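K.L.:
Could you look at this predicted model? Sequence included:
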Amino acid sequence: MFSEILKVSLLAALCAGPAWADDDGDDASPPAGLLAGKNKEDLPDVILSVGEPLGEPWHLKSGRYYEVEITADGSGEIGLEGAGFFRAIWVDEVVIRGLEVRPMGLHSIEFDRAGTMEIGFIAIKPGRYDLHIPGATGSTQRLEIVIE
């Protein structure tokens, strides 16, 4: 008797469709957590050029996945430091010329010539941070970042 009830219950559960089906009954992709496409946001590109501003402040949400393209125009050897920011995020990958690097963490990045890299990360620790050009003193050479 019990085995018959179990069989009927299992059959009913299988016929009901996946737990992630849309309200209208259509199958949708299963949830994928923090790396789900619905959780991803592209940030404005950062352009590294000698004497030019880095861009508008970022306002990020903890637990959200972000991607940013950082491009150097080749006007000089230039980099970005931000140890506090890099400790407040989980770096998923750094992509340079189609090569994916999955580091345990970052401290800084540097361009010796023109090029682009993409960094994918999850904001983790709320606070105020920045990315800045080493040795630069101007306020426009700093990208303010807030993680809420």
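P.N.:
Good, I have the coordinates.

K.L.:
As a check, name the ranges of all strands in this protein.
P.N.:
Using DSSP state E, the strands of the chain run over 40-42, 46-48, 58-60, 65-72, 78-81, 89-96, 99-101, 108-111, 115-123, 127-132, 142-147.

K.L.:
In TSV: the ones you listed, plus mean neighbour count and mean pLDDT.
P.N.:
For glycine as for every other residue, the C-beta is placed from the backbone atoms N, C-alpha and C. Converted to TSV, those look like this (neighbours: other C-beta atoms under 10 Å; pLDDT from 0 to 100):
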stretch	mean neighbour count	mean pLDDT
strand 40-42	13	94
strand 46-48	19	95
strand 58-60	17	98
strand 65-72	18	97
strand 78-81	20	94
strand 89-96	16	96
strand 99-101	11	95
strand 108-111	16	95
strand 115-123	19	97
strand 127-132	18	96
strand 142-147	18	97
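
K.L.:
Excluding chain neighbours, what is closest to Gln141?
P.N.:
Ile133 (4.5 Å; C-beta to C-beta, 6 or more residues apart in numbering).

K.L.:
and the one you found, how far is that from Ser139?
P.N.:
11 Å (C-beta to C-beta, to the nearest Å).

K.L.:
How many residues are close by the nearest residue to Gly74 once chain neighbours are set aside?
P.N.:
Among residues not flanking Gly74 along the chain, Ala114 sits closest, at 3.1 Å (C-beta to C-beta, 6+ apart). Residues within reach of Ala114, counting by other C-beta atoms under 10 Å, total 12.

K.L.:
related to what we said a few turns ago, more neighbours, Ile133 and Ser139?
P.N.:
The neighbour comparison of Ile133 against Ser139 (other C-beta under 10 Å) goes to Ile133, with 20 against 10.

K.L.:
In contact with that one, which residues?
P.N.:
Neighbour list for Ile133: 48, 54, 78-81, 141-142 [criterion: C-beta atoms under 8 Å, 6 or more residues apart in numbering].

K.L.:
swap in Phe86?
P.N.:
Taking C-beta under 8 Å, 6+ apart as the test, what Phe86 contacts is 105-108.

K.L.:
and the residue nearest to His132 when sequence neighbours are not counted, how far is that from Ser75?
P.N.:
In space, and not counting its chain neighbours, His132 is closest to Arg142: 4.4 Å by C-beta to C-beta, 6+ apart. As judged by C-beta to C-beta, Arg142 and Ser75 stand 18 Å apart.
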